[in-house]
Structures are given as C-alpha cells and as structure tokens.
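Novice: this is a predicted model, with the sequence first.
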Amino acid sequence: MKSLFSKEKWQYLFYTVSHPSDGYYWIRHQERGSVAIALLLVILYGISFSMNRLLASFVVNDIEPRTVNSVAELAGVLIFFIILCVGNWSVTCLMDGEGRMKDIVVAIGYALLPMIVTTLLATFVSQFVAENEEAFYTILMGLGMAYSVIMMLIGIMQVHNYTLGKTLITLFLTLLAVLIIIFLGLLVAHFITQVFGFFKSLYTELIFRF
Amino acid sequence: MKKSIWIRLTALCAVLSLLASGAMAADSLPWDCYNYDYWDNILYTPAPYVPDGSVSGASLQWQGAPLGSLNNPQDLCVSDSGDIYIADTNNDRVIVVANDLKTVRKIITGFTRDGVEETFSRPSGVAVSEKNQVYIADSQNRRIVVLEEDGTFVKTVQDPKSEVLDEGYVFVPLKVSVDYADRVYCVAQNMFQGIMVFAAEGDFTGFFGTISVKISMWEKFWRRFSTKESRAKQQLFIPTEFTGIDVDDEGFVYASNKDTDGLQAVRRLNPSGQDVIKKGPHENLGGDRVFGQVGNYSGPSQIVDVVYRGHGIYSLLDSRRGRIFTYDHEGNLLYIFGGIGTQEGTFRTPTAIEQLGSRLLVLDSNQAAVLIFSQTEYGRLINEAVSLRYDGDESQAVQLWQEVLRLDENNELANSGIGKAYLSAGDNEKAMTYLRRGMNRSYYSTAYKRYRNEVLAGNLSIILTAVIALIALWVIVRKVILPRRQKKGGKTA
C-alpha cells in the first residue's frame, strides 16, 4: 500500500503531466505509475464533475441543481472508466498492443488530472464572472479537456508502443467495443429482470394459492 | 365570547358577499393554475382568474322573455361602448348583449340594401370598429357586411379581385377585424397565404403576415431521393393557417395561428405585415411548453383566438386543453388557467376570447355559451405590475411585485421586478439575490459588475497592500532564505 502512494509515485504523476511522452514510456517499462493514484484521480474527476454542475455560477451554468445526483454521477464516471479500460484492453490485445491492463488504467487515469484541475479552477472562476465574460470560464474548461485528450492519446500510444495512426484506429475500435459492452450489459440486465420477474410471479402465485 | 360572535358575523358577511358576486372560491376550481419556471418545471400558482358564471341563450332576456339557445356561435366581440356582439352562426344572426350580460339589446338578422331585405348565412365572425360600425363575416354569402350601429347598411366587402388569387377563388370569410383606419383584416377559409387585407373602400389590397413554410434538412434530403410519383403522394408543405385576429391601440395586428411544433402560435404584425413580436427568454409563444406525446390531451396547444388586453398584455385561447395563456409585451408567460371538462367553468370547444373590463369572456361553441372569468387579487396584481412596467413606471411596480411574492413566492417575474428596482436604487447586493431567484442573467450580471466594482474600489488599499506584501515576501524568499538553505545543504552534503 505504501509503495502505491509513495512520494516518488506522486512526483512521477506530475512529471507525466508535464512530460507525457517520456512519462508514459517509463510507466510501461519501469513500473513508475500507480494504479491506486489513477483510480483516485478517476474518483476525483467524478467529484469535480458534479461540483462543476452544482456549484458553477448561474451566469455560466444552465443545469438545474435539483437534477444533479452526485452519487449517481460518480458511479457513472467510474463505470464508464472501467468500460473504457476493458474496451481498450480487448481491442489492443488483438492488435499487438504491449500495454497491460494496469498500464491502460494508469494511462487514462493520469490523463484526467488536467481536466480535474481546470474544472475546479473554472468553477471557482465562474463565481466572479458576469455576462459577456463567460469566455474565461469556457476557455479554461476547453483547455483542460484538450490537454486531457492529448495526454490520453499519447498515453495509449506509448503504453502500447503504437504509431499515431494505429492509436487513432484503436481508439475508434475502442469506442465500438464500449458500445458493444454497454449493449451486452443492458441485454443481460434485461434478462436478469425477466428471470427475476418470473420467479417473483411464481412466488406470488404460490402465496395466493396456499 | 363576544369576540367570537363578531368573527362569525364577519365570516358570514364574507360568505354572503362571495355568493352575491357569484365568483367561485379559489379552492373549488375545476382546474389547476400553473406556470413554467426557468427549467420548464410546472409550478402551481394561485388562481389569476376564477369562473364567474356564464351567459347562454336561456339566461339572456330579449323583450322580457328568455332568448332561446344559441346554435354553434363562432365569434365574440366587445365594442368600445361595452356591448357584446355574438355571432350566433347556425341561427344566422348576430346578438348584441348589453354589458350587464343579462339583457339582449338587439338581434341583427339582416339589413336593407336599396329597399331589399337581405339576411345572413352562417355569420362566423364579427368585429366593431372605433366608429362603432359592425363588420360581419357572412361566410356562406361569401361577403363581409358593414352596418352602422343602428343597423343601416353601409357597404359589403366581397369578390376580392387580384392577380395573386386563383381563378375561380371562392371567398369564405371566417374571422374579421378592423383597425383605426377602417382597414379590414380577414381570415378566410382555405387561405394559406396569410390574412386578407381590404382597404376602407372595400378593395382587396393583398396578403398580410404570410407564414413561411419550414422544411427541415432531413425532409429536403428525402425529397431529393423520391420520384415524382412518390413526391405527389407525400404530404404537401403548406403554411399554417391563421385562426384569430385582434388589433391593438397602435394598429398592430395580433394574429393567432396553428403551430404543429408548439413554438409560436401568435404573431404581432406591423403595418407592412412583418412579425415584430418579442418571444421572451424561452423563444416560445406556443402555449404549453411541456405536453404529452400520446393519448388524450397530448400534443402542442392549439391556439384558436387571441385577445389584446392593453398595456402589451395578450391572452391566447387553447382549444386542445382549454387553457388560457397570458403573455406580456416581452413574451414572458404571466399565468395559465382553464381546462376542458363538463364542470361549471370548464370548456368543451372554446372558440373565441374577449375582454370586458377586468373580466375575460370565452365563447364556447359546443356549450353555446359565453363563460365569464373574473380577476382575482393575484391576477390583478400581476396585470397591474406588468402594465406599470409597460408604461415605464417600474419603480411603482415594486410594491405590487412584493405582494405577488407574498401569494406566490416562486414567481420569477416578481423576483426579477423587485431585483431591477433594487438595482436602480443602487442596492446591488439585494438586487443580485432577487435577480438570481428571477433567473435574469443579464440584469444579474449588471448588478454583479457594479457590486464587484464597489468591493474592489472599497478595499483598494487592502488589496494593494496585500499585493505589495506578497511581492516582498517572494523577494525575501528568493534572495535571502533560499540561498541560505542551499548553503546549509551544500555544507551538510
């Protein structure tokens, strides 16, 4: 546990953010990354996502606070993260990717850090923003997202030792894999409810008869 | 003991006075009153109007006896002098009711032209001009008849001749309205090109307020791939029809229309026929903003008539769910009431709406009756506050808005109105609280900018001192503390 959260690991997180290409290379080849930190970052991202939706000033925020359910959103972010990792892993396994599951988790998890920071910062900045000044907010949010996307791209590329073109192709296939996983998940959930409903009606039938 | 008797007496008086006025108590209304908040949630409000009896053929007195029932009446008009004209369509007559809503002043069944008696056939629209001339859309005789108040014949408007009209066009006027210059605006059957306008002399001058057809990219895409035969079988792209007209004091024409998207069911047309209505923060003038997609009472509101009520306020009548939607000149939805049903105060087929003083009259063609709605305290406060704002007297409206908030604390317009008053009074912090509740972004921003400047200007010395202190601290750390540490570290290493 200590090694997962050690000082070196934390310092290496910031090194990866400032030197993504180099950083991700050694994550794959020298075990410099930490899965625990990556998961923590995902949870932090879920929290900052809900915080932004709830707390951003109403000048920039069109979301009704009553519709924000932070627990459900956190669960949604986590589930999506897991599906994304599994999807990417399944695709890259078939496409000569060198990354292991934990490398993918670290690659995607670490890439969320810029987005977390800018989301929180933009939420704070939005409190001091009036109409016609929303640009500060949107630019901050946009920069964070762009940096995260670039980091994710470089991360996947380095971890699997791909070229840029192949990374883009695998990312597209990952998207398809994610959709298939969601579809199968819904299908299974539906069947389970059917089976459950069958036994439930059986039970009620018996109860009413005897 | 003595006190309780007094309370009872006053309560009794209150009940008696209520019975005397005949207005329904707000807690026994046959429908809910509501409005939409910023996020289109339905918020229930106090009743702005309550049913206050109705006028039917049986309740009207004509020469000392009941009049007998109306038959499929289609239009209603209140003249400047307060007489109510009802187009009793299937009885081929127009009834003039005095403004006590009990006695019939006159029944117009025909007129004398050049010594010849003429009658009406299915008169479906009626309007009264400023000169108190009566305009009757005599639909099956294909003409508009103009009579003096006493019934003498003035002129007819018929057989519109123009190059833009098809050969053999049959003119069937349904609804009619007149402006201050005696121009006649007419909604005619199967006329999709707009409202027909006639000059004071009776010549057809052209169409007015034509609604352009909207074709989506998707429809264009499919039409590109369909053959001529299949295109012929497809639905035609026809502009929507106008359903009702009213003219305001400035001569602008309010015209309601059917809208299958539920986005804009009313237009305010300037003298050259352009739509100059303000659509409000939601860009929606279509009645209900939220409605079911399947089943009874589903689909967008079907607006059948519009009444301009002065000070920029106008009301729309919806025949699908029997609601009356009232907007102000900025397109804000003020209040919603009414409903379809069989109880007292509900509609079956609402067809026309008019205003009589502070009351609203709604003609129901199926019930063959005019339903009366009288204004409540809540409705009066909103109407007056909005009127004051329209007249530019916003500071006076604040008291009214505060009373509105006492009755309905969710009212966004009231919050916004109070906020604006605080803003002009210079109390930016309070303005911000109220404008935030009223979801008024632009005014909130103005208030916030002023508040921000105030705080910055008030604490300028502290802020500058802090900045200087921070810079000094940074310099000390860089120049003094860090070099020392490095020296120390160098020694130990």
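Specialist: Arrived safely.

Novice: how about the residue of the stretch 301-450 of chain B found nearest chain A, phi and psi?
Specialist: Nearest residue of the stretch 301-450 of chain B to chain A (CB to the nearest CB) works out as B:Ser445 at 3.5 Å. To be clear about C-beta, it is placed using only N, CA and C from the backbone, and glycine gets the same treatment. When read as degrees, to the nearest 10, the backbone of B:Ser445 gives phi -60, psi -40.

Novice: residues touching it, list them.
Specialist: A:59, A:130-132 (CB atoms under 8 Å, 6 or more residues apart in numbering or on different chains).

Novice: just the local confidence number for it, please.
Specialist: B:Ser445 is assigned a predicted lDDT (pLDDT) of 94.

Novice: ok, B:Leu19 next?
Specialist: pLDDT at B:Leu19 comes out at 45.

Novice: okay, the contacts of B:Ser445 in JSON lines with neighbour count and secondary structure next?
Specialist: Formatted as JSON lines, those follow (neighbours: other CB atoms under 10 Å in any protein chain shown; DSSP: H, G, I helix; E, B strand; the rest coil):
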{"residue": "A:Val59", "neighbour count": "22", "secondary structure": "coil"}
{"residue": "A:Ala130", "neighbour count": "19", "secondary structure": "coil"}
{"residue": "A:Glu131", "neighbour count": "15", "secondary structure": "coil"}
{"residue": "A:Asn132", "neighbour count": "10", "secondary structure": "coil"}
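
Novice: show me where the chain has helices.
Specialist: The chain I'm using is chain A. Assigned by DSSP state H, chain A shows helices spanning A:7-18, A:20-30, A:35-55, A:70-94, A:101-111, A:113-126, A:134-160, A:164-209.

Novice: hmm, no, I was thinking of chain B.
Specialist: B:2-21, B:217-225, B:228-233, B:377-390, B:394-407, B:412-425, B:428-437, B:441-458, B:460-476, B:482-492.

Novice: strands along the stretch 201-350 of chain B, start to end?
Specialist: B:204-208, B:242-247, B:253-257, B:266-269, B:303-308, B:314-318, B:324-327, B:333-337, B:350-356 (DSSP state E, counting those that start in this stretch).

Novice: dump those to JSON lines, plus mean pLDDT and distance to chain A.
Specialist: Below are the strands of the stretch 201-350 of chain B laid out as JSON lines (pLDDT from 0 to 100; distance: least, CB to the nearest CB, whole Å):
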{"stretch": "strand B:204-208", "mean pLDDT": "89", "distance to chain A": "37"}
{"stretch": "strand B:242-247", "mean pLDDT": "93", "distance to chain A": "34"}
{"stretch": "strand B:253-257", "mean pLDDT": "94", "distance to chain A": "30"}
{"stretch": "strand B:266-269", "mean pLDDT": "94", "distance to chain A": "26"}
{"stretch": "strand B:303-308", "mean pLDDT": "96", "distance to chain A": "28"}
{"stretch": "strand B:314-318", "mean pLDDT": "96", "distance to chain A": "26"}
{"stretch": "strand B:324-327", "mean pLDDT": "96", "distance to chain A": "23"}
{"stretch": "strand B:333-337", "mean pLDDT": "95", "distance to chain A": "18"}
{"stretch": "strand B:350-356", "mean pLDDT": "95", "distance to chain A": "33"}
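
Novice: what's the per-residue pLDDT of the most centrally placed residue in chain A here?
Specialist: Here the mean C-alpha position of chain A is nearest to the C-alpha of A:Phe81 (CA atoms, centre = their mean), at a distance of 4.0 Å. Looking at A:Phe81, its pLDDT stands at 96.

Novice: closest to chain B out of the helices of chain A?
Specialist: Nearest of those (CB to the nearest CB): helix A:134-160, 9.8 Å.

Novice: my understanding was that B:Asp391 contacts B:Gly310; is that so?
Specialist: No: between B:Asp391 and B:Gly310 there is no contact under CB atoms under 8 Å: 10.6 Å.

Novice: which of the contacts of B:Ser445 come close to chain B?
Specialist: Among those, the residues that sit close to chain B (CB under 8 Å from any CB of the partner chain) are A:59, A:130-132.
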